[in-house]
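In: Generate coordinates for the sequence data below:
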Amino acid sequence: MASLTIRNLDESLKTKLRLQSAQHGCSMEAEVRNILRQVLLPSSAPADFAARINQRFTGLDADVLPIPERQETRTPPDTDL
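Out: The predicted structure follows:
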């Protein structure tokens, strides 16, 4: 595996990277690898909207989710004054 050294990195950028990696629970080095992977590797996400929605909810077992009881609709307010 290759190694990469980045010189002259702004302190503010390094601080943001440190905070972001802490939020994601990983090292700064792992965070940089993730950022580079997201930016440089082609996305494998489906192109059409329906396929993306389907992929997001795959494995949810929506058939076993409870369906709430219907409620009566509210009476609309009387606007005739």
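
In: Ramachandran coordinates for the residue nearest the centre of the chain?
Out: Closest to where the C-alpha atoms of the chain average out (Cα atoms, centre = their mean) is R56, at 10.7 Å. When read as degrees, to the nearest 10, the backbone of R56 gives phi -60, psi -40.

In: ok, now P77?
Out: According to degrees, to the nearest 10, P77 has phi -70, psi 150.

In: How about H24: what's its closest non-neighbour residue?
Out: E31 (6.2 Å; Cβ to Cβ, 6 or more residues apart in numbering). From N, CA and C alone the C-beta is placed, and that goes for glycine too.

In: That neighbour contacts S21, correct?
Out: Yes. With contact defined as Cβ atoms under 8 Å, E31 reaches S21; the gap is 3.6 Å.

In: low-scoring pLDDT stretches of this structure, where are they?
Out: Applying pLDDT under 70 to the chain picks out residues 44-47.

In: Show me where it has its helices.
Out: Assigned by DSSP state H, the chain shows helices spanning 11-24, 28-40, 49-56.

In: R70: which of those helices is closest?
Out: helix 49-56 (24.9 Å; Cβ to Cβ).

In: ok now do R18, which residues does it touch?
Out: By Cβ atoms under 8 Å, 6 or more residues apart in numbering, the contact list for R18 reads M28.

In: Repeat that for L36.
Out: So L36 contacts nothing (Cβ under 8 Å, 6+ apart).

In: Next, work out how far apart it and L4 are.
Out: Applying Cβ to Cβ, to the nearest Å, the value for L36 to L4 is 9 Å.
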